[in-house]
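Student: Attaching a predicted model along with its sequence, questions to come.
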Amino acid sequence: MAEDVYIIGTAMTRFGKHLDTGVKALTGEALDMVLRDSGLERRDIQAAWFSNAVWGYYSFQHAIRGQVALSANQLEGLPIINVENACASGSTALHSAWAAIKAGIYDCVLAIGVEKMYDKDRNKIMVFFLSGTDVEEASNFLATFREEERQRKEKEAKEKGLELPKESPGGHSAFMDLYSIGARMHMDRYGTTQRQLACIAAKNHSNSVHNPNAQYTFPMTVEEVLSDREVSYPLTRAMCAPIGDGAAAAVLCSERFLRERGPRRRIRIRASVLRSGTKAGESDICARASRAAYEMAGLGPEDIDVAEVHDATAFGELYQTEQMGFCPAGEGGPFVESGATAIGGKIPVNPSGGLIARGHPIGASGFAQIFELVSQLHGEAGPRQVKGARIAMAENGGGFLGRGEAAMAIHIIEKI
C-alpha cells in the first residue's frame, strides 16, 4: 500500500493590492516562510509545483513561470512543474504534488501559488476572466444575457421613474453573471432569498476581521451587504470576491521522510481528489468530487469539523455546502441563516473570511484554504478558532464548463 502523504509546512502572505511587489518577490516571501514553518532548507526540496494563471497575461511571461520565479529565489535545478487550471490552479498543484509523493517518486516537495492580479485599469483583469470559460460559447451566451439584463433594468427604472444606474468603472467579470444565473435558478427552484446570500457574505466579512492575512478586515451587516452596489442580480458587490495579489505555499512529504526527519508539526492528507466538469445536464462536479473524497478518506460530511469552500460569490458557498453534503439540496439558504456555518455552528465554513473577504489571487487561493485549515487543526487561528477541530475539508473550483465548474479539487486533511 502506498505511503500516506503529510503537510509539514504552510505559509501565506497577506492578500491585497501590492502595486510595488512583483511575482518574484511574492514568491520569495512565501517560499521563505514555508521553509521556516517546515524547518527545512532549499536543498531538502526535491521538486516543486508552481501555480499561476495571470502572469503571462500582464507581462508576457506565459511559459516557464515557475522556473523564472523560483530561480530568482535560489530554488533551481530541480523538477519544476507549472500548473494553470483557472481558479483551481493552487489545489490542482497540491493534488499533483500529493500524487507524486503517493507514487513514490519524491519524498519532500514544494507546492506554491502566486498571483498578481490588481491593476489600476480594471478592464484588463475583467476581460481576462472570460478565458476561464469556453470563450466562443460563453461570449455569445453572455452577450444575450447582458442585453436582457439591460432591458430589464431599463424597464424597472422607467416604471419607478428613476434613472438607469450606471455600470461601475471596469464593469465586472463574466463569472459574476454566471454565478448570478445559478443563484436565480436556485431561488426559483427552492425559494432561496437574496437575504440568505447576504447572510453568507456578512458571516465571511465578520470572520475576516480576525484574519491578519485577509484582504478585507472590516465587518459588514446583512443590511450593509444588501444595500451595496448591485453587480449582477441578486449579487451585490459585498457578495463577490475582490481581485488582489498574494502568495501561499505548502511543503508535503512522505511517511518515510517523516520518520527520518521527524518534524513536530504534521497534518495527514486523507483524501485528494481532482475532477473535471461536463457540458451536459446539471452541474454535479462538487457532489462527484466530494463523494470520491469521502470514500477515499473513509469519512462522511458529518465527520468534517471545519471547511473552506470556493465562495467566489456568496451563492458559490451556498451551493457547495449542499453539494458537499453538509445540508440537503435546496436548504443551503436556511442552513446559513440558522447559524450552522458560523464559527461555533454545526459546520463552520470559511472561518478565514473566504474568497469574499480573505481575497482571491487565483493561483494562491487553493493554498490559502490549506493554510487556514492547517492553522485551525493546529489550534493557531486565534479569535476565529474552531474548537476541537481535527478533520478539515477544502473545496476549490475553477473555470466554467456548461452549467458548472470546469475543474474542482477536494482535500480532506487530519491532525495526527
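Tutor: That came through fine.
Student: measure residue 365 to residue 65 for me?
Tutor: Separation of residue 365 from residue 65 (CB to CB, to the nearest Å): 17 Å. Placement of C-beta: from N, CA and C, glycine included.
Student: Neighbour count: those two, which is higher?
Tutor: Neighbours per residue, other CB atoms under 10 Å: of residue 365 and residue 65, the larger number sits with residue 365, 31 against 24.
Student: Contact partners for residue 192?
Tutor: Residues in contact with residue 192 (CB atoms under 8 Å, 6 or more residues apart in numbering) are 183, 186, 318, 330, 332-333.
Student: sec struct for it, please.
Tutor: coil (DSSP: H, G, I helix; E, B strand; the rest coil).
Student: likewise residue 218?
Tutor: When classified by three-state DSSP, residue 218 comes out as coil.
Student: my guess is it meets residue 205, correct?
Tutor: Yes - using CB atoms under 8 Å, residue 218 makes contact with residue 205 at a distance of 6.9 Å.
Student: per-residue confidence for the residue of the chain positioned farthest from its centre?
Tutor: Outermost residue of the chain with respect to the C-alpha centroid, by CA atoms, centre = their mean, is residue 161; its distance is 41.0 Å. On pLDDT, residue 161 comes in at 74.
Student: From residue 82, how far out is it?
Tutor: Residue 161 sits 55 Å away from residue 82, taking CB to CB as the criterion.
Student: Next one: residue 358 from residue 155, what distance?
Tutor: Distance, residue 358 to residue 155, using CB to CB: 38 Å.
Student: Those two - which one has more neighbours?
Tutor: Ranked by neighbour count (other CB under 10 Å), residue 358 and residue 155 place residue 358 first, with 34 against 11.
Student: List the contacts of the more buried one.
Tutor: Residue 358 neighbours (CB under 8 Å, 6+ apart): 15, 204, 208, 211, 213-216, 350, 352, 368, 372.
Student: Show me the shaky parts of the stretch 51-200 of the chain.
Tutor: The stretch 51-200 of the chain contains residues with pLDDT under 70 at 126-127, 138-139, 141-143, 145-154, 156-157, 163-171.
Student: Need phi/psi at the residue farthest from the centre of the chain.
Tutor: Main-chain torsions, residue 161, degrees, to the nearest 10: phi 70, psi 30.
Student: Ok, residue 240 next?
Tutor: Per degrees, to the nearest 10, the backbone of residue 240 is at phi -120, psi 140.
Student: quick one: the strands in the stretch 201-350 of the chain?
Tutor: Along the stretch 201-350 of the chain, the stretches classed as strands by DSSP state E, counting those that start in this stretch are 230-232, 235-236, 246-254, 267-276, 306-308.
Student: Output these as CSV; include the columns mean neighbour count, distance to residue 20 and mean pLDDT.
Tutor: Formatted as CSV, the strands of the stretch 201-350 of the chain follow (neighbours: other CB atoms under 10 Å; distance: least, CB to CB, whole Å; pLDDT from 0 to 100):
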stretch, mean neighbour count, distance to residue 20, mean pLDDT
strand 230-232, 21, 29, 92
strand 235-236, 24, 31, 97
strand 246-254, 30, 14, 98
strand 267-276, 21, 34, 98
strand 306-308, 28, 29, 98
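Student: Would you reformat those as TSV and include distance to residue 3?
Tutor: Putting these into TSV (distance: least, CB to CB, whole Å) gives the following:
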stretch	distance to residue 3
strand 230-232	46
strand 235-236	44
strand 246-254	5
strand 267-276	11
strand 306-308	26
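Student: right, and those strands - which one's nearest residue 111?
Tutor: Evaluated with CB to CB, the strands of the stretch 201-350 of the chain place strand 246-254 nearest to residue 111, the distance being 5.2 Å.
Student: Which strands or helices does that closest one pack on?
Tutor: In terms of contacts (3 or more CB pairs under 8 Å, 6 or more residues apart in numbering; DSSP states H and E), strand 246-254 is packed against strand 5-12, helix 23-38, helix 89-102, strand 108-115, helix 362-377.
Student: between it and helix 23-38, how big is the angle?
Tutor: Relative orientation of strand 246-254 versus helix 23-38 (axes from the mean of the first three to the mean of the last three CA atoms, to 10 degrees): 40 degrees.
Student: What strands line up against strand 246-254, and which way round?
Tutor: Strand 246-254 has the following strand partners under DSSP bridges: strand 5-12 (antiparallel), strand 108-115 (antiparallel).
Student: most neighbours per residue, which of the ones you listed?
Tutor: Highest mean neighbour count among the strands paired with strand 246-254 (mean count of other CB atoms under 10 Å): strand 108-115, with a mean of 30.
Student: Direction-wise, compare that one with helix 89-102 and give the angle.
Tutor: 170 degrees.
Student: next SSE after strand 108-115?
Tutor: helix 122-128 (DSSP states H and E).
Student: Using CSV, write down the CA coordinates of that next one.
Tutor: Output of helix 122-128 as CSV, limited to C-alpha atoms (Å, rounded to 0.1, in the frame of the first residue of the first chain):
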residue,chain,number,x,y,z
ARG,A,122,-9.8,47.2,-14.1
ASN,A,123,-10.8,46.4,-17.6
LYS,A,124,-7.6,44.3,-18.1
ILE,A,125,-8.5,41.7,-15.5
MET,A,126,-12.2,41.7,-16.2
VAL,A,127,-11.5,40.7,-19.8
PHE,A,128,-9.1,38.0,-18.6
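Student: Just name whatever secondary elements that helix is in contact with.
Tutor: helix 55-59.
Student: Can you show me the CA trace of the helix it packs on as PDB?
Tutor: Provided in PDB are the C-alpha atoms of helix 55-59 (Å, rounded to 0.1, in the frame of the first residue of the first chain):
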ATOM      1  CA  TRP A  55       1.400  36.400 -15.000                       C
ATOM      2  CA  GLY A  56       1.600  35.800 -18.800                       C
ATOM      3  CA  TYR A  57      -1.500  37.900 -19.400                       C
ATOM      4  CA  TYR A  58       0.000  41.000 -17.800                       C
ATOM      5  CA  SER A  59       3.700  40.600 -18.600                       C
END
